[in-house]
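Participant: show me the folded form of this:
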Amino acid sequence: MRVLLKASMNTEKANDVIRSGKMPQLMEEILGNLKPEAAYFTLDHGVRTAYLFFDLQDSSQMPSVGEPFFLDLGAEIDLTPVMNGEDLQKGLSQLR
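Facilitator: Prediction:
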């Protein structure tokens with residue numbers, strides 16, 4: 001299932017990771033593991049935030065998806081099922 005992961009990072013913990021020089025490696029590992037079809041990084045309500053769109057094969061993956069954000073960045077995470085245009089068309093065609 002395609003999901004949107006929104007990770008809002010704790011500022012102090014993210015600052016520590018950046019100062020230590022580990023942020024590039026951490027992001028490379030996270031992106032390498034999740035293989036997102038799209039990844040965006042921005043500020044949301046003044047907090048560093050990542051938006052990652054990827055395929056969650058099974059709900060048992062949730063701990064391995066979330067823990068790097070929790071442990072290393074003190075992030076708050078939301079996982080939301082999402083559709084692309086093709087998924088929407090497929091779903092709408094089933095309404096008939």
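Participant: gap between the helix or strand harbouring residue 49 and the chain center?
Facilitator: Using DSSP states H and E, residue 49 falls within strand 47-55. Computed by Cα atoms, centre = their mean, to the nearest Å, the chain-centroid distance of strand 47-55 equals 4 Å.
Participant: which residues sit against that strand?
Facilitator: For strand 47-55, contacts defined as Cβ atoms under 8 Å, 6 or more residues apart in numbering pick out 1-9, 11, 14, 31, 34-43, 82. All C-beta atoms are positioned from the backbone trio N, CA, C, and that covers glycine.
Participant: show me where this protein has its helices.
Facilitator: Along the chain, the segments classed as helices by DSSP state H run 11-20, 23-34, 62-73, 85-93.
Participant: can you pull the buried residues of the third one?
Facilitator: Buried residues in helix 62-73, defined by neighbour count with 16 or more other Cβ atoms under 10 Å: 65, 68-69, 72-73.
Participant: leaving out sequence neighbours, find the closest residue to residue 87.
Facilitator: residue 2 (7.0 Å; Cβ to Cβ, 6 or more residues apart in numbering).
Participant: if I look at the one you found, how far off is residue 37?
Facilitator: 8 Å (Cβ to Cβ, to the nearest Å).
Participant: so the two - more neighbours on which side?
Facilitator: residue 2 (14 against 11; other Cβ atoms under 10 Å).
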